Structures are given as C-alpha cells and as structure tokens.
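# below: sequence and its predicted model.
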Amino acid sequence: MTATRYIIGPDSRPAFTRYARLHEDRARARTVILAPERAYELDPIGLIVLSTIDGVTRLSDLCASLAQQYSAPVEVITRDVTALLQGLADKRLLRDGVDPFSAPRPSAFASAITPFAGGPAGLLAELTHRCPLQCPYCSNPLELEKSNVEITAAQWGEAFRQAASIGALQLHLSGGEPTARRDLKEILAYAVEAGLYTNLVTSAVLLTREKLERLAEIGLDHVQVSIQDVVPESADRISGYEGGVPKKRDVARWTRELGMGLTINAPMHRQNIAHLPQIIDFAVEVDAQRIEIAHIQYYAWAQTNRAALIPTRETFMETVGIVDEAKKRLQGVLNFDFVIHDHYATRPKQCTGGWGRSIMAVTPSGKALPCHAAQTLPGLTFDDVREKSLADIWMNGSAFNAYRGLDWMKEPCKTCDRREIDYGGCRCQAFAVTGDAEATDPACHLSPDHARFAAYAETESQAPAPDFIYRRFGGAPQSAPAEESV
Ligand code: SF4
Ligand code: FES
C-alpha cells in the first residue's frame, strides 16, 4: 500500500516511529533525534514538545497544556508545534498513534559512559568483503580482504563499545555483503548493547524473512537496500547476479512490515540512468522513507569501469529535473538524498564530512580508515583496532591526521574562502585524477585539472561503453558486454 503524507492537525496523536527516537548526545552536550543515517539536533523547545508526544494525547490538548505551562498564547504554541511536527512527519519520523513495534531497549552501557567531544559521529563497519554480487562500481578496494582475515564478532563488539565511548551515534553495518557473516546476529547484539543506532547496508539477496525478523527482534533500526536497477535484465547484468530484483522487493516489504526504517540506495550511472523514474516508483511501492540517488564516484572499481559508467551531461541534467519534480510530488512520502555527478559539477562535495572529522571506517580485517576508499591513496599507514584504541587511532593515527584540518592544503584551496566548507573536496578523487592526494578536488572549477576532468567525461560518455570489469571475490576479473539502457 502506498504511503500518504501524514498531515498534523488538532486531532493528531503523534508519536515517534520505531526507527526514530530521542537520544542524549553527551559527547556534544545536546539532545538529538536518531533516525536512519541522521541525527537531528533539537533546541530546548523542540525537546519539550517531543518529550510529550506519546501517540495518545491529541495535539490540541498537548498545545493547551503547553500554553498554560509556559503562559503563552495557545494560537502561537499551536502554530509552532504544528510546524515542528509537520517537518518531522514529512521526514517520516512520526506516525499517528503508538507504533505497535517497540524500539530497541535503552543501552545501559551508553548511559554509563562519558564520551569525549570531537570524536566521529559514525562508524562504518565493513564486516566482510564477501558478496554474491559483482557490481562494477563497488567502493571496496581492488584487493579484497579474504574471509580468513576477518575479525571476530567479539572484536567488533569491542570496537562498537569504543566507538560509542568516543561519541559515535550511528553504526553502518556494511561490506561487501554484511549478511554473508554467519555471526551477524551476534555482531548486531553487540552494537545494540553499545547503544548505537544501527543501519544495515545490504544487497538483500541473502536475507530471508526469518533472518530479518530475528535482526528486528535484536534491535536493528534501519535497513538500506541497494539496488542496481529495477528492470530485471538490466539489474542482473549490472550486478552479475540473477534474480535480485524480486528478492530485494521482498526484503524491502518485510523491512517495513517489521517496523524498521527503509532506504533504497540507487547508485546512478549511464547504464541505469534511463530508469530513474521507475526506480523512484519502486521506492514508493515498497514504502521506503528515503531514497539515495547517488551519481557514483570514480575511484576503486568505478575508476576501473569509468568509461562504462559515466553518463552524458544531458542525461545527468535530466536526473536533476526528475528528482526536483519527484521531491515536490512526494513530499511527506519519500525523502531524497541526491548526490550529483562530480564531472559536471562546479563545486566539490565535502567528502565524508571532511577528512578525520566525522567518520571512521573499519575494514573486515580491522584496519581503521578515515574514509572507506582511503586505501587507494599512497603512503598511508592504517592502525589495527585490535592493537590500538579507537580513541588513540582517531586522535593520533597518522592516516587520520594526514589531511585533517587545513594545513596540508595547496593553492587554490589554501586561501579559498570555502576551505572550511568543503575541506578541498575528496582526497581519493583528487589522487585518482591528478596523482596528487593534496591537490584540489578536480570537481572544483578552480582546480587546474577541472577542464580536463569535465572533458574526458564528455568524451567517454559519448563513446560506446566498454564491457564491465566485474568486482569478483576470490577470482579473476570477469567481463560482460555493455548494453546501453539510455
Ligand atoms: Fe573548495 Fe578548494 Fe575549490 Fe575552494 S578551491 S572551493 S576550498 S575545493
Ligand atoms: Fe576518500 Fe572522498 S572517498 S576522501
């Protein structure tokens, strides 16, 4: 059944959904709403309002009570409270009436620790590089880590507790394919005990309803299902895996039936870009609250397959229009995260929130990275989470300090007034294109490499697409003929 926008009015009885909750973020001295891959900061008034919604009390009664308590005109309170709640309802974090599914139990560990300020807000845990799919734009390194070097569930548990102790709020259980780990339930239980908001980033093809039910019982908050396309023949060819689309549709549906948050993640490139409207329809059909439409970044496997993946400027611009229209049409039904295509941009993205500023990634073998693709950069040394504490790695690790702050920058970034906004863009992209990891991201129009960067995209995207070099685990690269869907 397709969701409809939840309109907040006097008779509404709002409550948080199972996958959204208030959280005292003691590392940053604030209260936030934890939600799929987000933490929304609240001001004191917002906190008062959201502490009173219970799915039972009518909005008009709630506003009357607040007006009396704070000696304020009820019309003003009603206007402000309605606007606050409507904003959250449009993000699909509220529902009318109590959610029949209970949120994970509060963590005794989280309430006993005093995290320090300045740590990462998120931990990306790459549990394994094993994966039944072979996407040619995979962000895993070309040298995949074998299963015999993967760290144990208990070692992940220790990393999660340490991550919470240095202020992490969000945990992304990723891969490869995280559900390929037989001990995923044990790993998830450690994460829930540590009080982290849990996001499972999955291709979904290994999940059954029973497995998903068990993960929901343990306390999984949110599932991000990645899709290659929604047209089955195209999805099978891009992923190198047959029959993925119906499995993904099932897993997405079960996720919602079990009360968890759902995001559809659709990496965009020239071989699925024509199907963007159907991909958005799919997300609505399976009742996702969010969709990530991300034009892929060209490093690791995507760099290898660049000429097969780069879209033309015209098709990229069409996606901008399609997303703009869909955002308006689907307000309150589907939220969009749209990552634009770097070759046709003029400003770079603030990649990973700035190097060493907001995220730590850990590889299957326990190497701590400042960004998931950091191993593509030369000369960096990565510490092992079994040998050093996450706090030590975060503050003193040489890789984390390599491009942290502003001191490493060269011109034009060094004196640019946006240097503390985008931190010079993506280090991995800068190195992949220029051979210099300290260079300005070529997505920036001020980069001396920008014109060349845009020009080869134009050229490659107009030429016939070469065969994919598939990302294969434990085998020689395999290629398949290209087939344009545009
Ligand atoms: Fe950002 Fe550097 Fe470009 Fe300035 S010159 S906008 S800091 S990438
Ligand atoms: Fe590594 Fe952007 S992907 S800094």
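Received the coordinates, thanks. Computed from a predicted structure; not experimentally measured. Ligands and ions are numbered 1, 2, ... in the order given.
# surely residue 124 touches residue 175?
No - in this structure, residue 124 is not within contact of residue 175 by C-beta atoms under 8 Å, at 10.4 Å. Where C-beta positions appear, they are placed from N, C-alpha and C, glycine not excepted.
# residues near the nearest residue in space to residue 431 that is not next to it in sequence, how many?
Among residues not flanking residue 431 along the chain, residue 437 sits closest, at 4.1 Å (C-beta to C-beta, 6 or more residues apart in numbering). Using other C-beta atoms under 10 Å, residue 437 is surrounded by 20 other residues.
# quick one: terminal-to-terminal distance for stretch 393-403?
Terminal residues of stretch 393-403 are spaced 14 Å apart (C-alpha to C-alpha, to the nearest Å).
# how about the residues of this structure by ligand 2?
351-352, 371, 373-374, 426-428 (C-beta under 6 Å from any ligand atom).
# any idea what sits nearest the closest residue to ligand 1 within the stretch 201-350 of the chain, other than its immediate chain neighbours?
Ligand 1 sits closest to residue 348 of the stretch 201-350 of the chain, with a gap of 4.8 Å, by C-beta to the nearest ligand atom. Excluding the flanking residues, the one nearest residue 348 by C-beta to C-beta, 6+ apart is residue 425, at 2.7 Å.
# sorry, back to before: in a markdown table, list the residues of the chain next to ligand 2 along with pLDDT, secondary structure and neighbour count.
A markdown table is the format used below for the residues of the chain next to ligand 2 (pLDDT from 0 to 100; DSSP: H, G, I helix; E, B strand; the rest coil; neighbours: other C-beta atoms under 10 Å):
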| residue | pLDDT | secondary structure | neighbour count |
| --- | --- | --- | --- |
| 351 | 92 | helix | 22 |
| 352 | 90 | helix | 25 |
| 371 | 95 | coil | 24 |
| 373 | 93 | coil | 25 |
| 374 | 95 | helix | 24 |
| 426 | 95 | coil | 26 |
| 427 | 96 | helix | 28 |
| 428 | 94 | helix | 26 |
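# of all those, which comes closest to residue 302?
Taking C-beta to C-beta as the measure, residue 373 is the one of the residues of the chain next to ligand 2 closest to residue 302, at 9.7 Å.
# hmm, residue 300 and the closest one touching each other?
Yes - Residue 373 is in contact with residue 300 according to C-beta under 8 Å; the separation is 5.7 Å.
# so what sits against both of the two?
139, 141 (C-beta atoms under 8 Å, 6 or more residues apart in numbering).
# ok, the residue of the stretch 201-350 of the chain closest to ligand 1 touching residue 428?
No - counting by C-beta under 8 Å, residue 348 does not reach residue 428; the two are 11.7 Å apart.
# tell me where the stretch 201-350 of the chain has helices.
With DSSP state H, counting those that start in this stretch, the ranges of helices along the stretch 201-350 of the chain come out as 209-218, 232-239, 244-257, 276-285, 300-304, 306-309, 313-329.
# figure out the length between the terminal residues of stretch 2-19.
Per C-alpha to C-alpha, stretch 2-19 runs 19 Å from first to last residue.
# circling back to that earlier point, would you single out the least confident of the helices of the stretch 201-350 of the chain?
Lowest mean pLDDT within the helices of the stretch 201-350 of the chain: helix 300-304, a mean of 89.
# so for the longest strand along the chain, mean pLDDT?
Ranked by residue count, the top strand of the chain under DSSP state E comes out as strand 261-268. The average pLDDT within strand 261-268 is 98.
# which elements pack onto that strand?
strand 222-226, helix 244-257, helix 276-285, strand 290-295 (3 or more C-beta pairs under 8 Å, 6 or more residues apart in numbering; DSSP states H and E).
# just say helix, strand or coil for residue 145.
On the three-state scheme (DSSP: H, G, I helix; E, B strand; the rest coil), residue 145 is labelled coil.
# what's the neighbour count on it?
20.
# and the residue located most distally from the centre of the chain, how far is that from residue 209?
When distances are taken from the C-alpha mean of the chain, residue 71 lies farthest, 42.3 Å away, according to C-alpha atoms, centre = their mean. Relative to residue 209, residue 71 is positioned 53 Å away (C-beta to C-beta, to the nearest Å).
# quick one: contacts for the residue nearest to residue 348?
Per C-beta under 8 Å, 6+ apart, neighbours of residue 425: 348-351, 440-441, 443-444.
# same thing but at 10 Å, please
342, 345, 347-351, 413, 418, 439-444, 447 (C-beta atoms under 10 Å, 6 or more residues apart in numbering).
# all strands of the stretch 1-150 of the chain, in order?
14-16, 21-25, 30-35, 38-41, 94-96, 122-126 (DSSP state E, counting those that start in this stretch).
# before we move on, what about the stretch 351-486 of the chain?
Going by DSSP E, counting those that start in this stretch, the stretch 351-486 of the chain shows strands at 359-362, 368-369, 468-469, 479-480.
# out of those, which is closest to residue 306?
Per C-beta to C-beta, nearest to residue 306 of the strands of the stretch 351-486 of the chain: strand 468-469, 10.5 Å.
# pull the distance from the closest one to the chain's centre.
25 Å (C-alpha atoms, centre = their mean, to the nearest Å).
# so what strands line up beside that strand?
Partners of strand 468-469 in the sheet, by DSSP bridges, are strand 479-480 (antiparallel).
# mean confidence score for the partner strand?
Mean predicted confidence for strand 479-480 is 48.
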